[in-house]
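>>> Based on what follows, work out the 3D shape:
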Amino acid sequence: MPGSRRGLVAPQNTFLENIIKRSAAQHSSFVLGNIQVVDYPIVYINEGFCKISGYNRADVLHQNCSCSFMFGELTDKETIKKIEKCLENFETMQSEILLYQKNRTPLWVMTQISPIKDENDQVVLILCTFKDITALKQPIEDDSVRAGMGRFARLARSVTRSRSVLNQVSQHLPKVDVVNKAQITQISHVRIAHVTIR
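Numbers count the residues shown, from 1 in each chain. So this is what the prediction gives:
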């Protein structure tokens, strides 16, 4: 009887369907990779990923979930290493990376990698989400392009760039204890005096 066999395969299918539904509601572009198989092949691709990448599902299915097929000559090698390490260690990470669409058009994305655990607390899937940030990363060449860009888009670009720069700089700074207000005032007065003396 077909109805009785359905119960044997339903839990795994239901698990995957729940992951897909949750991810689709939160992220517009993502792939799921099987972390239990060598090279972590992609087992699910949503329509949003197909739209931003230019690849169809048949092109992407069973490729590595790091999306190495989208890497190009200007893709940052350090970011690639971080992604590979993240996948090997089942870690979560978020990073900006330059990828290339199927037609080799550059595509800046904010990618987030998150391991997904089953009911036994074992990592079984990896969720890789992609947010197109190309418009925020491309330089504004002239006033005609600048005029076409709305105030919100210019603000979003400056915030993204500032946050990216701050994150990069803060990684190289030593950890500092909390400074109280008196110390900040004292430091600012020393700097002001130093500037006035020159």
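
>>> how about low-confidence regions in this protein?
Applying pLDDT under 70 to the chain flags the ranges 1-16, 22-27, 138-198.

>>> show me where it has strands.
Under the criterion DSSP state E, strands of the chain are mapped to 30-34, 42-45, 93-100, 106-117, 123-132.

>>> The first one to strand 106-117, inter-axis angle?
Counting by axes from the mean of the first three to the mean of the last three CA atoms, to 10 degrees, strand 30-34 points 50 degrees away from the direction of strand 106-117.

>>> related to what we said a few turns ago, buried deepest among the strands of the chain, which one?
Among those, strand 30-34 has the highest mean neighbour count (mean count of other CB atoms under 10 Å), at a mean of 23. Any C-beta I mention is one placed from the backbone N, CA and C, and that applies to glycine too.

>>> Can you name the residues bridging to Y100?
With DSSP bridges as the criterion, Y100 is bridged to P106.

>>> show me what contacts it?
Y100 makes contact with 70-72, 75, 106-107 under the criterion CB atoms under 8 Å, 6 or more residues apart in numbering.

>>> if you set the cut-off to 10 Å instead, what comes out?
Y100 makes contacts with 53-54, 69-75, 106-107, as judged by CB atoms under 10 Å, 6 or more residues apart in numbering.

>>> Which ones among those map onto helices?
Counting by DSSP state H, the part of the contacts of Y100 found in helices is S53.

>>> neighbour-wise, which of the contacts of Y100 leads?
Scoring the contacts of Y100 on neighbours with other CB atoms under 10 Å, the highest-scoring entry is S53 at 24 neighbours.

>>> Find the residue closest to it in space, skipping its chain neighbours.
Excluding the flanking residues, the one nearest S53 by CB to CB, 6 or more residues apart in numbering is Q101, at 5.6 Å.

>>> can I assume K137 is in contact with P106?
Yes: between K137 and P106 there is a contact under CB atoms under 10 Å: 9.0 Å.

>>> who touches both of these two?
L98.

>>> What is the burial count for L61?
When neighbours are defined as other CB under 10 Å, L61 has 14 of them.

>>> In contact with it, which residues?
L61 makes contact with 31, 41-45, 55, according to CB under 10 Å, 6+ apart.

>>> Same question for L107.
L107 touches 52-54, 70, 72, 97-101, 130, 132-134, 137, counting by CB under 10 Å, 6+ apart.

>>> now swap in I83 and tell me
Taking CB under 10 Å, 6+ apart as the test, what I83 contacts is 65-68, 71, 93, 95, 97, 111, 113, 128.

>>> closest to D59 among these?
C67 (11.4 Å; CB to CB).

>>> Could you verify my assumption that Q63 touches F49?
No: with contact defined as CB under 10 Å, Q63 does not reach F49; the gap is 11.5 Å.

>>> Mutual contacts of the two, please.
Common neighbours of Q63 and F49 (CB under 10 Å, 6+ apart) are 31, 42, 55.

>>> could you dump stretch 118-134 to PDB, C-alpha only?
The C-alpha coordinates for stretch 118-134 follow below in PDB (Å, rounded to 0.1, in the frame of the first residue of the first chain):
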ATOM      1  CA  ASP A 118      19.800  17.500  12.300                       C
ATOM      2  CA  GLU A 119      17.900  16.200  15.400                       C
ATOM      3  CA  ASN A 120      21.000  14.300  16.500                       C
ATOM      4  CA  ASP A 121      23.000  17.500  16.600                       C
ATOM      5  CA  GLN A 122      25.100  16.500  13.600                       C
ATOM      6  CA  VAL A 123      25.900  18.900  10.800                       C
ATOM      7  CA  VAL A 124      24.200  17.500   7.700                       C
ATOM      8  CA  LEU A 125      23.700  20.500   5.400                       C
ATOM      9  CA  ILE A 126      25.400  23.800   4.700                       C
ATOM     10  CA  LEU A 127      23.300  26.800   3.800                       C
ATOM     11  CA  CYS A 128      25.000  29.400   1.600                       C
ATOM     12  CA  THR A 129      23.100  32.600   1.100                       C
ATOM     13  CA  PHE A 130      24.000  35.400  -1.400                       C
ATOM     14  CA  LYS A 131      22.900  39.000  -1.400                       C
ATOM     15  CA  ASP A 132      23.800  41.000  -4.500                       C
ATOM     16  CA  ILE A 133      25.700  44.200  -3.400                       C
ATOM     17  CA  THR A 134      27.200  45.000  -6.800                       C
END
